[in-house]
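Trainee: next one to model:
(2 chains)
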Amino acid sequence: MPALQETVERVRRIDVDQYRYGFETLIESDKAPKGLSEDTVRFISAKKNEPAWMLEWRLEAYRRWLTMTEPTWARVNYPRIDYQDLYYYSAPKPKKQIGSLDEIDPEILKTYEKLGIPLREVEVLEGVVKPEGERRIAVDAVFDSVSVATTFQKELKAAGVIFMPISEAIREHPELVKKYLGSVVPTSDNYFATLNSAVFSDGSFVYVPPGVRCPMELSTYFRINERNTGQFERTLIIADKGSYVSYLEGCTAPQRDENQLHAAVVELVTLDDAEIKYSTVQNWYPGNSEGKGGIYNFVTKRGDCRGNNSKISWTQVETGSAITWKYPSCILRGDNSRGEFYSIAISNGHQQVDSGTKMIHLGKNTTSRIISKGIAAGVSQNTYRGLVTAHRKATGARNFTACDSLLIGDKCGAHTVPYIEAKNSSALFEHEATTSKISEDVLFYCVQRGLSQEEAVGLVVNGFVKDVLQQLPMEFAVEAQKLISISLEGSVG
Amino acid sequence: MNLALAKNETGRALSDSFAIARDRLPGTGRVAEARSAAFEAYDRAGLPHRRIEDWKYTDLRALMREVLPLAPTPDAAALKRAATAVKLQAIKGVRRLVLVDGVFAPKLSELDGLEKGVAVGTLRGVLESGEAALQAQLFSLDSANPMVALNSAMMTDGVVIQIANGIVLTQPLQIIHVATGTTPTAMFTRSLLRLGKDAGVTLVESYIAADGAKTYQAHDSLVVAIGDNSRLDHVRLVEDGREAFNISSAVITLGAHAHFNTFGMTSGAAVSRYQATIAFAGEGSRVETNGVNLLNGRQHADTTLFMDHAVPHCASREVFRAVADDRAHSVFQGRIIVRPQAQKTDAKMMTRALLLSDEAEADNKPELEIFADDVTCGHGATTGALDESLLFYLRARGLSEKEAQALLIQAFVGEAIESIVNDDLRELAIAAAQRWLEARG
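Mentor: The predicted structure is shown next:
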């Protein structure tokens, strides 16, 4: 059945023209010369005061990148990117040495205030009533190519948790960075990951020591401000034996007519019995209603369940970006390890989304779960692309996949491209993509108890989307709910 | 490096064999031009390999390596061996049309007493002196697919069936492909079925090998046009020799309010690929496709279906069951596209794989591409082993391990086999499945 009017209205409300975060911060910035060359790489490395090994690592990636070609297999169309017409580094000019938060450029502080991100440690994210000061989040704010502030560092340090910009971590914890950086997403992994390895500027680094449950949620807020600038962030999270951490990520950018490139790499490592929960609300500028402008979001995210009984869970709400090319994946290497992927991807206007996941079962008794909801409106294209594979030795591997999509209007497209590969007889894989109808029985039950047909649909659908929403930490769930208070009636597989 | 090398070598060998075979390929003028164009298309691409998305799981450069030279026209001895093989396969009440080593064999076929409104000819005849429209239809297949292009370039013979408006045949037609070659050769065939309006027929395609046939390659294709309000029931049984290759393509077009029911079972051939495009050209039509793979040893079988919903109010159902034992490899790729104007489409696809050995592999790629909003589409895919508790239940009731497994496998593939409407043909498919199970021991 076609989408209800109410749903259509709601989607329109989050239409691309309604982008709330499109303002620009006028601030002086320090940029690398335009274009990409070994000199750019050296420039970035020097700016970050990096040790020689890091520069070598970058240069190797850069040389590798020169030999690669841009991938074309995804269902996205965009004009050729001129990699020489971009700035690869841009940082707000520091007025003086920063000692405390008060000394941060007030313009930047204002930006984050406007975005609803608390850099002052007393606040929590907008939209949530503070429950007796119980919930606190440590925020790392990344502005273009640099981290401008990281909150709650002292308290985290007391717990033994390292949470800092990756540029600092390279200097202060080289042994950890050397050991893990590029161990999940190797520099040669793919075109965009290799580019990122060469020119990444900042991002977050998290290390949770053995047996520690991170005392608060960690979050990084990415903001692209400068014109013609690519953001290449790099995040590395390591959960040592028996530890737990929940990490949130949010992103916005100003409204501009030209396309901007965002090529990030996120690496997660869990050792024995550890767990990482990684949540993203991606709300980059999607371009205007004619498809002009917007962020090109080419992201490589991968988690490695290296230890036994470890777990990695990805949750994403994708509403922004002109183009999304993103496949948060799990390598289930340790025995009994578990991977999860929950995703809501909404595309509107001229947006193009090609997103999904990979669950690679290598260890014994590994399990994975994929829940993906795609909603396409306007003239957008929304593709789910997923791989589930069980290696010969992955006995007892188990996967459940459900990917549903909803089309609103007849000019958009929704596609599913799952790859299911079983090389082991004890692997048990289930894949389904059937949401077209809500069970008549359930609807009848609700209507019989006095709900109108629409209320009944709303009730069922709400419960339905909750699969994904309830995986989000509360702060994000509120924001996400605002973005996607959409019913899924009339959806198609 | 190796890939490039492989391409060059096979390419050269094939260019030579195309040149050698040319004189034996029917048709001149426009037909010959179409052949050359198709061969060029193939020559540019070469054998498909895993880097081509559509052939990701079936890398013919690794599996097949080369295209064998064209099989010689069968001699009397070959025809005799073929006749024996055909006799063993005989289905009661079916009209047989036999192709031996890619050449139509009138003596083994039953052409007498054709019903009024039914015309049966050969591809050779049509390409040499048939009407231009029919020739054009035979060359309508898309050369973008290298194996289709190769087939277009090399096709030597086949069966061309035309059924007039309003004719409903009660007797099924069976096209039997028999291979007799004792030396490694390839055969290239293409058949065509044109079903008029308000017509109906059952078509069976069988692929078998005569006793003593060794390595051979069967390159086949089928072009079908189903007229408005017509119905085609189609059964396809691949029981090629265990060292054989079977690469087949089909393009089926449905008019309005037409019905196409198809069942395919692959238990033979070392490497097989069946790629079918089913296109809806008229509203209110319905397609049911059912498939079964029964594989063991080192068999590799690939079924690739493309369901093209281009018009509104059509329905399609796809059911696929794969059973893989030993080191067998089963591939199912199903793609459903719902084009922007195809509102009210109802498309479902279900694929299930059963792995009986830890070294067997099953790959499923059920794809949906949807451009219309008021549609019901879905797909499901499962992979797993036999259910331990069911096995236990049956064992507890006195069945041996093998018997219990056989019973469960039978039930597993049964759902697809049940779809065959014709009783005799359904029995035939059940018998073939049973033979496979018995051979398992």
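Trainee: could you tell me how many residues sit around the closest residue to residue A:411 other than its chain neighbours?
Mentor: In space, and not counting its chain neighbours, residue A:411 is closest to residue A:379: 4.6 Å by C-beta to C-beta, 6 or more residues apart in numbering or on different chains. No exception for glycine: its C-beta is placed from N, CA and C like everyone else's. Neighbour count for residue A:379, taken as other C-beta atoms under 10 Å in any protein chain shown: 17.
Trainee: and residue A:379, that one's in a helix?
Mentor: No - read with DSSP: H, G, I helix; E, B strand; the rest coil, residue A:379 is coil and lies in no helix.
Trainee: quick one, phi/psi of the residue of chain B most remote from its centre?
Mentor: For chain B, the largest distance from the centre (C-alpha atoms, centre = their mean) belongs to residue B:396, which lies 40.7 Å off. For residue B:396, the backbone dihedrals are phi -60, psi -20 (criterion: degrees, to the nearest 10).
Trainee: pretty sure the residue nearest to residue A:411 is touching residue A:412, no?
Mentor: Yes - because the distance of 6.0 Å satisfies C-beta atoms under 8 Å, residue A:379 is recorded as touching residue A:412.
Trainee: now whichever residue of the stretch 251-400 of chain A sits closest to chain B: closest residue in space that isn't a chain neighbour?
Mentor: Nearest residue of the stretch 251-400 of chain A to chain B: residue A:392, at 6.9 Å (C-beta to the nearest C-beta). Using C-beta to C-beta, 6+ apart and skipping residues adjacent in sequence, the residue nearest residue A:392 is residue A:423, 5.0 Å away.
Trainee: same question for residue A:339.
Mentor: Leaving out its chain neighbours, residue A:339 is closest to residue A:330 (C-beta to C-beta, 6+ apart), at 3.0 Å.
Trainee: which SS class is the residue of the stretch 101-250 of chain B found nearest chain A?
Mentor: Nearest to chain A in the stretch 101-250 of chain B, going by C-beta to the nearest C-beta, is residue B:144, at a distance of 16.7 Å. Assigned state for residue B:144: coil (three-state reduction, three-state DSSP).
Trainee: close to chain A: what parts of chain B are there?
Mentor: Chain B comes close to chain A at residues B:53, B:340, B:343, B:348, B:353, B:355-385, as judged by C-beta under 8 Å from any C-beta of the partner chain.
Trainee: separate out the buried members of those residues.
Mentor: B:343, B:348, B:353, B:355-356, B:359-385 (16 or more other C-beta atoms under 10 Å in any protein chain shown).
Trainee: among the residues you listed, which lie within strands?
Mentor: Using DSSP state E, the subset of those located in strands is B:348, B:353, B:355, B:361-370, B:376-384.
Trainee: what residues does the stretch 51-200 of chain A put near chain B?
Mentor: Near chain B, when you scan the stretch 51-200 of chain A using C-beta under 8 Å from any C-beta, you find residue A:73.
Trainee: what's the neighbour count on the residue in the stretch 51-200 of chain A positioned nearest to chain B?
Mentor: In the stretch 51-200 of chain A, no residue comes nearer to chain B than residue A:73, which is 6.9 Å away by C-beta to the nearest C-beta. Neighbour count of residue A:73, defined by other C-beta under 10 Å: 9.
Trainee: A strand includes it, no?
Mentor: No - using three-state DSSP, the secondary structure at residue A:73 is coil, not a strand.
Trainee: check what pLDDT the residue nearest to it when sequence neighbours are not counted gets.
Mentor: Spatial nearest neighbour of residue A:73, excluding adjacent residues (C-beta to C-beta, 6+ apart): residue B:53 at 6.9 Å. The per-residue pLDDT reported for residue B:53 equals 89.
Trainee: re the thing from before, what residues are up against the residue nearest to residue A:411?
Mentor: Going by C-beta atoms under 8 Å, 6 or more residues apart in numbering or on different chains, residue A:379 touches A:291, A:349, A:350, A:411, A:412.
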